[in-house]
Every structure is written in C-alpha cells, then in structure tokens.
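Undergrad: sequence first, predicted model second:
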Amino acid sequence: MSGGRQGREGDWEEGTPVPLYVVTGGRAEAGDAQVLDLVTLIVARTEPEPGMRPEHVSILRMCANPLSVAELSAHLDLPFGAVHVLLSDLLAGSLVEARQTRAAHTAAADPDVEILKALIDGLQRL
C-alpha cells in the first residue's frame, strides 16, 4: 500500500511507500498457530467495519470471493510476510476463514503402499 510522507510545509508527498512496519503495526511475524502458505484460500466472513485499518478493509473487500494468499499479496503490493501478519489479525477476530488446499495434494503425494505393491507385482508379470 502506498501512503505518503510529510514534507517541510506539512504537505504529503503522494506515491511515497509506507514502511512495512507501519502496515503491520511493528510486527514482523504472525503470532498465530494458523499455517498459511501461498495457495491457502482466504474468504471474508463479514463486511468491513468503520475504524478498521485500510489494509484489513482491502482484504475483506477482495475476499468476498475466495482468493489465495499469493493473489492477495499481489493485489496489495505487499510481501507474503506482511500479508501473513495482516491475515493473522483477521483470523484471530474470525473476520476471515482460511481454507487449506494442500490437504488433497498431501493425500495424493502419499499413496497407499499396498496399491503400489500390487502395481509393481502386476508390472513384473508383464
């Protein structure tokens, strides 16, 4: 997210990036137990409320339909670490839901040993 920096006259310089520690509230790591990766889908569970941080509002609006953490990072123009911290805030408040997509891939990556043995036996008979 871009913000501004105050010049000598008190005017804001448009387009000057805001340091990430300002966006994340000074935190570099998410303090939650929720494991998020780039393909985790995020879905908003509520509408933005008045007084919320602008980054949180943006995430809630974008996630009316499921979006991956990688897509959020790209749309917000923030690195994964910063987005992870912001999402941990929203997850802690139950404002968003994280849907893991890796479970299906993990099951496919760990095939049944008995099936593999049967496959090898069948191939050896050919």
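TA: Nice, thanks for sending it over. Just so it is clear, the model here is predicted, and its values are computed rather than measured. Numbering: from 1, shown residues only.

Undergrad: can you tell me which residues contact residue 83?
TA: Residue 83 is in contact with 69, 72, 73, 76, counting by Cβ atoms under 8 Å, 6 or more residues apart in numbering. In short, each C-beta sits where N, CA and C put it, glycine included.

Undergrad: just the helices in the chain please.
TA: Assigned by DSSP state H, the helices in the chain fall at 20-23, 54-62, 69-76, 80-92, 102-109, 113-125.

Undergrad: averaged pLDDT, the fourth one. What do you get?
TA: Within the predicted structure, the mean pLDDT of helix 80-92 is 87.

Undergrad: over to the second one?
TA: Per-region confidence: helix 54-62 scores 91 on mean pLDDT.

Undergrad: now for it, which elements pack on it?
TA: strand 41-44, helix 69-76, helix 80-92 (3 or more Cβ pairs under 8 Å, 6 or more residues apart in numbering; DSSP states H and E).

Undergrad: so in that sheet, which strands flank the shortest one, and in what orientation?
TA: Just to be clear, that refers to strand 41-44. strand 67-68 (antiparallel), strand 96-99 (antiparallel) (DSSP bridges).

Undergrad: out of the ones you listed, flag the one nearest residue 36.
TA: strand 96-99 (6.2 Å; Cβ to Cβ).

Undergrad: and the closest one, C-alpha only, in PDB?
TA: What follows is strand 96-99, C-alpha atoms only, in PDB (Å, rounded to 0.1, in the frame of the first residue of the first chain):
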ATOM      1  CA  VAL A  96     -11.900 -14.300   7.500                       C
ATOM      2  CA  GLU A  97     -11.700 -18.000   7.000                       C
ATOM      3  CA  ALA A  98      -8.600 -19.900   5.700                       C
ATOM      4  CA  ARG A  99      -9.300 -22.800   3.500                       C
END
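
Undergrad: buried ones in it?
TA: By neighbour count with 16 or more other Cβ atoms under 10 Å, strand 96-99 contains the buried residues 96, 98.
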